[in-house]
Every structure is written in C-alpha cells, then in structure tokens.
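Trainee: with the sequence up front, the predicted model follows.
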Number of protein chains: 2
Amino acid sequence: MAPVSHARNQPSDRKRPGSVSIRDVAQRAGVSIATVSRAVNRIPTVDPELARRVWKAIDEVGYLPNTQARALVSGRSHLLGLIVSEITNPFFPELVQEFENLATAQGYEVLIGSTNYDSARTESLMRRLLQRNVDGVAVMTFGVEEDLVKKLVEREFPLVFVDAGPGLPNIHVLKVDYAEGIRQGVQHLAALGHRKIAFISGPLEQRSPRVRREAFLRAMTELGIQVPAEHLVEGTHTMEGGITAMERLLEQGDLPTAVMCSNDMTAIGALHAIYRTPLKVPQDISVVGFDDIHLAQFMLPPLTTVQMSCKSLAAAAIEALRAGIEPDHPKAKQKEWPISTHIVVRQSTAFPPGSLPARMNREPARPTKPRA
Amino acid sequence: MAPVSHARNQPSDRKRPGSVSIRDVAQRAGVSIATVSRAVNRIPTVDPELARRVWKAIDEVGYLPNTQARALVSGRSHLLGLIVSEITNPFFPELVQEFENLATAQGYEVLIGSTNYDSARTESLMRRLLQRNVDGVAVMTFGVEEDLVKKLVEREFPLVFVDAGPGLPNIHVLKVDYAEGIRQGVQHLAALGHRKIAFISGPLEQRSPRVRREAFLRAMTELGIQVPAEHLVEGTHTMEGGITAMERLLEQGDLPTAVMCSNDMTAIGALHAIYRTPLKVPQDISVVGFDDIHLAQFMLPPLTTVQMSCKSLAAAAIEALRAGIEPDHPKAKQKEWPISTHIVVRQSTAFPPGSLPARMNREPARPTKPRA
DNA sequence: ACCGAAGAAGCAAACGCTTACCGCAATCGC
DNA sequence: GCGATTGCGGTAAGCGTTTGCTTCTTCGGT
C-alpha cells in the first residue's frame, strides 16, 4: 500500500488539469499559503518585497482565486439574484444590462431568472438562488407571489421588491411614482385638447398594472374627465396584447382621440393595430406609452411615453441590496427608494382631429421639454 | 478565557440567522452528518427508516444544501457561463431564455454576461466566470476575441463557440449553416423576379457578419447575378445601423428592388427608413431579414426572414457543454454541431415593381411553406 | 458456539480559501 | 545590556459538503 503523504501545504495533484490553487502559488513563491492569501487581499502587513514575489508567482502560474472557497469561509458569495418576469419583454434586458453593469462594478455577479409569470417557477428559482447562497435578491417582476417571502424576511435576507411586494415590514421597496408620470401624460393630452382618452392596462391580476390604471383614473378625475367603461381595456403588457386591445377599442362606436398604454410594448402593439386601419397617428389618434424602452424612439412616429428610467431602477435596486448586505452601509436603514417618472414627448401625440386647421396637425405637437 | 468546545458535529452558532447547515439536520435527526449527506443524495445504503427521519428533520429545519460547499468538494459548480454580445438586441434575450430553460432542466445555473463588443469587458467577464468555477462557457457573441481562449483550450476547459471561434482544435463549435438559409432567401427573391438585390451586412470586423455576406455573394453568383459595390453596405446589426444603411441605399441612383439584411434588427431599421419615404414595402421594395426574432412577425408588413432557431442554438450549446463536462456523455467526441437555417416567407417580399400588373402586387406573394 | 461476510452508520480527511493565534527576530526603553 | 514591545510570517482551524475507510452489528454457515 502506497504511503500517501498528506503534507497540507503541497500543491494538489489537481482534479482538472490547469486549475491552479493557492498552494501552487505558495510553493512557487516559496512562502506559505497564508502569505499568498494576504498578498492577494492586499493586507498591508505583508512585506512589499515578499508581496512582489507572490504577485510574480501568481502571474507565472496563472492563478485565479476560487470564489466558491472564498464564499464558503467569508459567508458572502458576492452573488446577487435578479428575478424578472419575462426576459423577452424589451424593458427587462435593458434593466438587466444596467443592473449587471452596476453589480459587476461593485464586485458582484448576477444570477438572472425569469419567471414567465409562473409562480412554481418563481419558487424553484428562489430556492436555487438560496442554495447558491446569493447575498440578496432583487425581485423585479411587477407582480409578486407571497409564499416563501415571509420566511426570508424573518431570516433578514436582503430582498428588494418593486412597488411594494407583500405588505411586510423590513424589506426594501422601490417605490415607483407612477402617479406623477401618468399625470404628466394625461395633462399633456388634455392640454392638446383631448377629452376622450382611453387606457389599455396590463394584466390586472398583477399589482403594478393595477396601480398604473388607478393612477390614470385619478389623473383623469382630477381634470374632471369621465372615462366610460368601454375606454378601459385590459391588455397583457405584450405587443400582442396591445394589438388585440386596440382592435377592441377601434371596433366600438365611440372612438377615443387618444390612448394611454400601461407599457411601451402595449403602445407599440396599439400603433400596429392602428396602422392597419386608415387612421393616422397622431393626426387621428394620439398614443402614449409607458417605460420609454429603447425601441420607443424608433417607432413611426416616435412614441411619446412616460419614462421610468431603468438606470435609476437598477441603481436603486443595487443600492438597496448593498444596504441590506454590507453591515456598515450608509443607508442601511432606508427601506423605501423612490423612483421618479416623467413624460417624454415625441411625435405620437398631437391635437385631436377637428380641433384645429388641418395643417397644424401636419407637424405633430412639440411642447417644451418636460422638467427633468 | 472560555474553553471553546469544537465538537465538529455540533450545529454552528450560525453567521446569518436562519442559515441552516447539514449539522443542524444531523442533530435534529439524531444521526451523523454523513448519513444526512447520503440521505440527501439518495444513496441506497442508508436505511429507509433513517432516511425518512432525516427527510423529516430536513423539512422541519428548512435545510437547503449549500451549493458552494458541494462545488468545492465535487469540483463541479453546476454553473454555466453564457456570453452574448449585446443583451439588448432582441435576438439574445430569446436565446438566453431558451438556454436558461434547458440549463436549469439539467440542474445547471447560468451566469450571463454581455460584452457589448468590448474585448476588455469580455476578458474580465471570462476571468470572473473562471473564478466562479463555471463548468463551461458558451460564447454566443458572433465575433470572438482570441486572447485567453488558447489557454483555456489547453486546460481542456469546456467551451462552445458559434461559427468557429479561433481555428483551434478541440473546442465545440456550433456551425450555423448560413449558406442554406441565405440561398433560400436569395432564391425566393430571384423567383419573384428580383435582380437588383442589395445586402446590408453587419459589422464586418466580426466573423459571423462576414460569413453571412459571403453566403449572400455566393448565392448571387450561383444565380449569375452581379452585385454592384454600392449595393453592398455595412450596418451594425442594430436598428440604428439598419436605418442609416438603408438611407444610404435610398440616396443613390440605382435603387435596388430588394434588400437582404444580415439580421432582423437591421431589416427592421431598413423598414423604418423606407417608411419615411413614399416607397412601400413590399410593392416598391422587398425586405428580407435574418434570425426570425419574435418581433419580426409583428412588423408592418410582417417580415420575411431567414430563421435561425435560437431553440436549436441553445439546445446544441447545452448539449455541447454537457458533452465537454460530463465524463460519460454519449456525444463526448462530437465537436461540431450543425444548426440549420431556412427561410420563413411573410409579407415583406413581393414581385419587383413594374414586373406585373399592379393589382397582383396588392396581395404580397405567398409561396408555399418552405421545407422544415 | 464461533468465524467471517455483509450491511449500515460514523469518523475524519479533503476541497481552496481566510484569519485568529503563535513564534521568532529585530528593535526600543531605561 | 536585557526584558518588553513590535512587526511579519507561518500554523492550523474552520467554512459546509462528500466520501474512503473504519467500526459495529447482525446474521449465515459449519
């Protein structure tokens, strides 16, 4: 029987050829693994000369510290979970992009999952994220399932929701100010002379679409404008949904002169539905979106929309998570993170038909820039 | 000084409240941690009765095995890296979605990174993925940087490229059959009577766009059609690029009657550029895309395009990775994975103007379904 | 009744790292 | 000049698992 030497400081006969461990570096530099570790982590107590030797060795053997092992001892994985509802909805890739940039800039990696509105999926996703020991999770789906969330809250697990998830204390919430942006949208339309303004909502079983719809109704009420029930139609936050909803709007007798949509994909769907008719946007009907996705400015005509900056959404999410993760974060106590919204006027909105000499409608209205 | 007891089998005074380890379960079930581990991994040598007790304990304390620790000992992280060039290009979210579904179905998690065509970013991304000990990486950016790839290949690190990355042996390659799909596209146009067919390419410093352009030129040559240099314009694989390129095409004297584009976003940009002129698609000019993203069928008119199924792309990528990772995978030896492409005829293509009575052009051509 | 084989559970090493603690040499104070 | 401090590096414990080896029990064969 071969006497196996288990000198703990010897380089391992590696499993995968080429995977270099801290011991290889230590051997090469002629120091202990502790010193290597300290050098890598730039701990000032190590002699500069030695440190140089270590770094040289690191370079020569091509050492990369194993994050898993680090995570195991430090208890922090530097992994963040990001849950979105549907990654194929163009809003989310933009969000993901921003989130990722910010996260990596802070030394975190991101595990993304999309739920497709399926709560079983969400649950399994959450479980997997926890097994991976993520340091925190941002739930950016605009409709939350409340099951295991409670347990997590009890565990003081850093969690960020958008629009207040379940009414639980002690979780971070990105409070999107739908009211402001949507009011701006409605007022913009009203200022142009519109009175018959329809609204295509998102799927109403979700929270956020409901909130947006409420905001619209309130803004209309403020202006003293009635909204007939048939001008309130439900979409799905997808282009298909926008098309269908707009078609329904077009079929009925009392045509609105303007349509606000719960998100941009819906608005884009609406534009498509209108293109298929003899009607023109914005001359015959104005359309306003919500989100301001990249695509919006490339529509024909470029879409007037309410901007919800995914940059600030991502930034707030990261900040909130860090506040929950890092013990001495300046804003550790903050629980609500406001996200502002405001209208971006492009060319899909104009005076309602018949309100003015036709030629004034040729060039779409271009009010002054909204306040930033 | 308090004598610290270090009985290894006692539950830890946990770092994060609520993080439950295997020892908690062991204690609760009154067995050793080894038994818990074996029960969890369904190793048949454990007594059914004991196993039941263990599972009960697991349930009671809410135990989730720590993947990091598992990875550390097994040497496999069950993490897959997915590198895309630009996650905001709609093609990629679709790919990501498929990839993720497949990966999770096989028990893998996915780390996504988008390079934005920045090779420094790619490099840092790769490094981070390696530190995370990913089991393999799929590089789905359609233009590769060849730097550290070689080292990885030497390490026998499972790597999948699309379109043959650097001409290195021993890496898995998803061979997209551009030629076939593009030939079908060209032939479709030629069959309709087009002879003046322009091509908007992607950024030519990347490999895949070059291959697509080559495929187009070859298909044209096969048909004996000359392509004047001014009908070959370079885009950027984005909508903006498509708009600019199409504008350039429109400015020049010799207007093509059809335009093929290197990807769908380019084609969509081209459609937009054309909408801004009095020309009509498809009556005055036909447009063909490439990719068949979801959006394509919702264009006005619905876009005729060459489909490159991201489902099969994702499936092949996963298969290839697993073949590289799992020692006894059936296809461990396979290195090339063919991906077929074929045309999907919708309504952005029709007879060229003037070739036929006008009314025949009212309804766009609808040839029979292509072979699957 | 005794020995050996088989089955089941436990012990402990190992995965790659961080870090508390300890030992050693050089320096300081008086 | 000698004990006390200080500065640096090494030793080893431990993070949460898996797993080879050992131990203990049970049972069958003779």
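Mentor: Everything's here; your move.
Trainee: pLDDT below threshold where in the stretch 101-250 of chain A?
Mentor: Low-confidence segments of the stretch 101-250 of chain A, defined by pLDDT under 70: A:142-148, A:164-169.
Trainee: now the strands for it?
Mentor: Using DSSP state E, counting those that start in this stretch, the strands of the stretch 101-250 of chain A run over A:109-114, A:136-139, A:159-162, A:172-176, A:197-201, A:232-234.
Trainee: which one of these lies closest to residue B:173?
Mentor: Closest approach to residue B:173 among the strands of the stretch 101-250 of chain A (C-beta to C-beta): strand A:109-114, 25.8 Å. (C-beta placed from N, C-alpha, C; glycine too.)
Trainee: what does chain A put close to DNA strand D?
Mentor: A:8-9, A:31-35, A:45-47, A:50, A:69, A:72-73, A:75 (C-beta under 7 Å from any atom of the strand).
Trainee: now do 10 Å
Mentor: A:1, A:4, A:7-9, A:22, A:26, A:29-39, A:43-51, A:53-54, A:68-75, A:131, A:133 (C-beta under 10 Å from any atom of the strand).
Trainee: near DNA strand C too, which of those?
Mentor: Okay, of the residues of chain A next to DNA strand D touching DNA strand C (C-beta under 10 Å from any atom of the strand), that's A:4, A:7-9, A:22, A:26, A:32-39, A:43, A:45-46, A:68-75.
Trainee: buried subset of the residues you listed as a PyMOL selection?
Mentor: Burial among those is assessed by 16 or more other C-beta atoms under 10 Å in any protein chain shown; the matching PyMOL selection reads:
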select buried, chain A and resi 22+26+33+35+36+37+38+39+46+68+69+70+71+72
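Trainee: run the chain-centre distance for stretch A:342-356.
Mentor: Distance, stretch centre to chain centre, for stretch A:342-356: 29 Å (C-alpha atoms, centre = their mean, to the nearest Å).
Trainee: distance of residue A:79 from residue A:139?
Mentor: 15 Å (C-beta to C-beta, to the nearest Å).
Trainee: let's have the strands of the stretch 101-250 of chain A in a markdown table, adding mean neighbour count.
Mentor: Output for the strands of the stretch 101-250 of chain A, formatted as a markdown table (neighbours: other C-beta atoms under 10 Å in any protein chain shown):
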| stretch | mean neighbour count |
| --- | --- |
| strand A:109-114 | 23 |
| strand A:136-139 | 26 |
| strand A:159-162 | 26 |
| strand A:172-176 | 22 |
| strand A:197-201 | 27 |
| strand A:232-234 | 17 |
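Trainee: now the ones you listed as TSV including distance to DNA strand C?
Mentor: Converted to TSV, the strands of the stretch 101-250 of chain A look like this (distance: least, C-beta to the nearest atom of the strand, whole Å):
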stretch	distance to DNA strand C
strand A:109-114	16
strand A:136-139	19
strand A:159-162	25
strand A:172-176	26
strand A:197-201	50
strand A:232-234	53
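Trainee: what helix or strand is the residue nearest to the spatial centre of chain A on?
Mentor: Averaging the C-alpha coordinates of chain A gives a centre point, and the residue nearest to it by C-alpha atoms, centre = their mean is residue A:95 (4.0 Å). According to DSSP states H and E, residue A:95 maps onto helix A:91-105.
Trainee: in JSON lines, list the strands of the stretch 101-250 of chain A along with distance to residue A:347.
Mentor: Formatted as JSON lines, the strands of the stretch 101-250 of chain A follow (distance: least, C-beta to C-beta, whole Å):
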{"stretch": "strand A:109-114", "distance to residue A:347": "32"}
{"stretch": "strand A:136-139", "distance to residue A:347": "34"}
{"stretch": "strand A:159-162", "distance to residue A:347": "30"}
{"stretch": "strand A:172-176", "distance to residue A:347": "26"}
{"stretch": "strand A:197-201", "distance to residue A:347": "18"}
{"stretch": "strand A:232-234", "distance to residue A:347": "24"}
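Trainee: how about the ones you listed, which one is nearest chain B?
Mentor: strand A:109-114 (5.7 Å; C-beta to the nearest C-beta).
Trainee: got the angle for the closest one vs strand B:109-114?
Mentor: 100 degrees (axes from the mean of the first three to the mean of the last three C-alpha atoms, to 10 degrees).
Trainee: so which residues make contact with strand A:109-114?
Mentor: A:78-88, A:92, A:96, A:99-100, A:103-104, A:121, A:125, A:128-129, A:132, A:134, B:96-97, B:100, B:109-112, B:128, B:132 (C-beta atoms under 8 Å, 6 or more residues apart in numbering or on different chains).
Trainee: count the neighbours of residue A:318 for me.
Mentor: 25 (other C-beta atoms under 10 Å in any protein chain shown).
Trainee: name the nearest residue to the residue nearest to the centre of chain A, ignoring sequence neighbours.
Mentor: Using C-beta to C-beta, 6 or more residues apart in numbering or on different chains and skipping residues adjacent in sequence, the residue nearest residue A:95 is residue A:310, 4.3 Å away.
Trainee: ok, back up a step: out of the strands of the stretch 101-250 of chain A, nearest to residue B:190?
Mentor: Residue B:190 sits nearest to strand A:109-114 of all the strands of the stretch 101-250 of chain A, at 41.0 Å, using C-beta to C-beta.
Trainee: quick check: which element contains residue A:20?
Mentor: Residue-wise, residue A:20 maps onto no helix or strand under DSSP H and E.
Trainee: how about stretch A:189-209: buried residues?
Mentor: Buried-residue list, stretch A:189-209, by 16+ other C-beta under 10 Å: A:189-190, A:192-203, A:206-209.
Trainee: and residue A:128, how far is that from DNA strand D?
Mentor: Distance of residue A:128 to DNA strand D, given as C-beta to the nearest atom of the strand, to the nearest Å: 14 Å.
Trainee: check contacts around that residue.
Mentor: Here residue A:128 is in contact with A:113, B:104, B:109 (C-beta under 8 Å, 6+ apart).
Trainee: which of the residues of chain A next to DNA strand D fall within helices?
Mentor: Among the residues of chain A next to DNA strand D, the ones falling in helices (DSSP state H) are A:22, A:26, A:29, A:33-39, A:48-51, A:53-54, A:68-74, A:131.
Trainee: what about stretch A:263-274, near chain B?
Mentor: Yes - contact between stretch A:263-274 and chain B, assessed by C-beta under 8 Å from any C-beta of the partner chain, occurs at A:269, A:272.
Trainee: what about residue A:333, how many residues nearby?
Mentor: Look at residue A:333: counted by other C-beta under 10 Å, it has 7 neighbours.
Trainee: wait, the residue nearest to residue A:95 touches residue A:100, no?
Mentor: No - using C-beta atoms under 8 Å as the test, residue A:310 is too far from residue A:100 to be in contact (11.7 Å).
Trainee: any chance you could list what contacts stretch A:248-255?
Mentor: A:196, A:198, A:200, A:228, A:230-231, A:233, A:256, A:259, A:273-274, A:277, A:279, A:285.
Trainee: which pair of those residues spans the longest distance?
Mentor: Most distant of those, by C-beta to C-beta, are A:228 and A:277, 20.7 Å apart.
Trainee: OK, contacts around the residue nearest to residue A:197 when sequence neighbours are not counted?
Mentor: Distances taken as C-beta to C-beta, 6+ apart place residue A:258 nearest to residue A:197, at 4.7 Å, with adjacent residues excluded. Contact analysis of residue A:258 by C-beta under 8 Å, 6+ apart lists A:189, A:192, A:194, A:196, A:197, A:198, A:285, A:286, A:287, A:288, A:349, A:352.
Trainee: pull the CA atoms of stretch A:247-263 into PDB?
Mentor: Written as PDB, here are the backbone C-alpha positions of stretch A:247-263 (Å, rounded to 0.1, in the frame of the first residue of the first chain):
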ATOM      1  CA  GLU A 247     -58.600  46.400 -32.100                       C
ATOM      2  CA  ARG A 248     -61.300  46.200 -29.400                       C
ATOM      3  CA  LEU A 249     -61.100  49.900 -28.900                       C
ATOM      4  CA  LEU A 250     -61.300  50.500 -32.700                       C
ATOM      5  CA  GLU A 251     -64.300  48.300 -33.100                       C
ATOM      6  CA  GLN A 252     -66.600  50.200 -30.800                       C
ATOM      7  CA  GLY A 253     -68.700  53.200 -31.700                       C
ATOM      8  CA  ASP A 254     -67.200  55.900 -29.500                       C
ATOM      9  CA  LEU A 255     -63.600  56.200 -30.700                       C
ATOM     10  CA  PRO A 256     -61.200  57.800 -28.300                       C
ATOM     11  CA  THR A 257     -58.900  60.500 -29.700                       C
ATOM     12  CA  ALA A 258     -56.100  59.400 -27.500                       C
ATOM     13  CA  VAL A 259     -54.900  56.200 -25.900                       C
ATOM     14  CA  MET A 260     -52.600  55.800 -23.000                       C
ATOM     15  CA  CYS A 261     -50.900  52.400 -22.500                       C
ATOM     16  CA  SER A 262     -49.700  50.700 -19.400                       C
ATOM     17  CA  ASN A 263     -46.300  50.000 -21.100                       C
END
